[in-house]
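Enquirer: need the 3D shape of this:
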Amino acid sequence: AQTGFVAAIARNTDRLRALTDDLLVLTGLGSGAFMLVQVDLDLRDLVLGVEKTVGSLVEGRRLDVSFEHPNFPVMVNGDAQRLERVLFQLVSNAVKVTADGGRVACRLRVEGGDAVLEVEDTGIGIPAHEHERIFTPFFRTSAARKLAIQGTGLGLSIAAPIIEAHAGIITVVSEPQCGALFTVRLPLVTAQP
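Expert: As a prediction, the model looks like this:
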């Protein structure tokens with residue numbers, strides 16, 4: 001019995017820490033104090049990091065979760081910690097809104113001069129009139145509220161400005177009951193002569 005209590009305390013401590021981190025980032029974004037530590041990095045490393053981290057989220061679930069990336073470096077100039085946080089947010093959201101028996105896919109590819117990260121799920125979907133609002137603080141979709149899916153409504157509101165600060169864009173394509181596809185485009189590091 002004590003083991004269960006300790007595990008619950010640990011989970012709630014992690015949630016509180018994540019909420020505090022989100023609020024600090026959101027405050028920094030609003031005040032202009034938000035700083036990026038940008039270096040040339042291989043996005044494949046971020047995908048592999050998130051793949052390892054997401055294992056605990058799907059433990060005991062019947063979900064088909066896949067990660068794909070090319071067999072060559074996908075170099076961007078960015079803040080590895082912030083970009084990994086965005087990717088983890090997208091994948092963890094997909095896992096939360098997808099019922100057992102569903103599918104979550106994270107794909108990295110190169111298209112023209114862009115690195116393209118896609119997170120696709122077969123979850124509850126998002127009505128078209130809520131697409132823009134999902135990137136605002138504390139907004140939770142009507143379906144997530146109805147199904148009492150846990151969340152603060154901060155993750156995507158932080159993700160969008162982080163991607164924009166990297167000269168990238170984040171978009172969503174979704175319909176209710178048809179899952180969602182989030183796409184992040186970031187400029188590739190151009191080869192130096």
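
Enquirer: quick one, strands of this structure?
Expert: Counting by DSSP state E, the segments of the chain that form strands are 39-42, 64-68, 75-78, 103-111, 114-121, 169-174, 180-187.

Enquirer: any chance of CSV for these, columns distance to residue 127 and mean neighbour count?
Expert: Any C-beta I mention is one placed from the backbone N, CA and C, and that applies to glycine too. What follows is the strands of the chain, written out as CSV (distance: least, CB to CB, whole Å; neighbours: other CB atoms under 10 Å):
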stretch, distance to residue 127, mean neighbour count
strand 39-42, 35, 14
strand 64-68, 25, 14
strand 75-78, 32, 21
strand 103-111, 20, 18
strand 114-121, 16, 21
strand 169-174, 8, 16
strand 180-187, 11, 20
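
Enquirer: dump these to JSON lines, plus distance to residue 157 and mean pLDDT.
Expert: Formatted as JSON lines, these follow (distance: least, CB to CB, whole Å; pLDDT from 0 to 100):
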{"stretch": "strand 39-42", "distance to residue 157": "24", "mean pLDDT": "96"}
{"stretch": "strand 64-68", "distance to residue 157": "25", "mean pLDDT": "95"}
{"stretch": "strand 75-78", "distance to residue 157": "19", "mean pLDDT": "96"}
{"stretch": "strand 103-111", "distance to residue 157": "21", "mean pLDDT": "97"}
{"stretch": "strand 114-121", "distance to residue 157": "17", "mean pLDDT": "97"}
{"stretch": "strand 169-174", "distance to residue 157": "11", "mean pLDDT": "94"}
{"stretch": "strand 180-187", "distance to residue 157": "14", "mean pLDDT": "97"}
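
Enquirer: closest one to residue 2 among these?
Expert: Of all the strands of the chain, it is strand 64-68 that lies closest to residue 2, at 31.7 Å by CB to CB.

Enquirer: just the angle for that closest one relative to strand 114-121, thanks.
Expert: What separates the directions of strand 64-68 and strand 114-121 is an angle of 170 degrees, with axes from the mean of the first three to the mean of the last three CA atoms, to 10 degrees.

Enquirer: ok, back up a step: is it possible to get TSV of the strands of the chain that adds distance to residue 88?
Expert: Written out in TSV, the entries for the strands of the chain read as follows (distance: least, CB to CB, whole Å):
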stretch	distance to residue 88
strand 39-42	15
strand 64-68	12
strand 75-78	15
strand 103-111	10
strand 114-121	10
strand 169-174	14
strand 180-187	12
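
Enquirer: with that, I have no additional questions.
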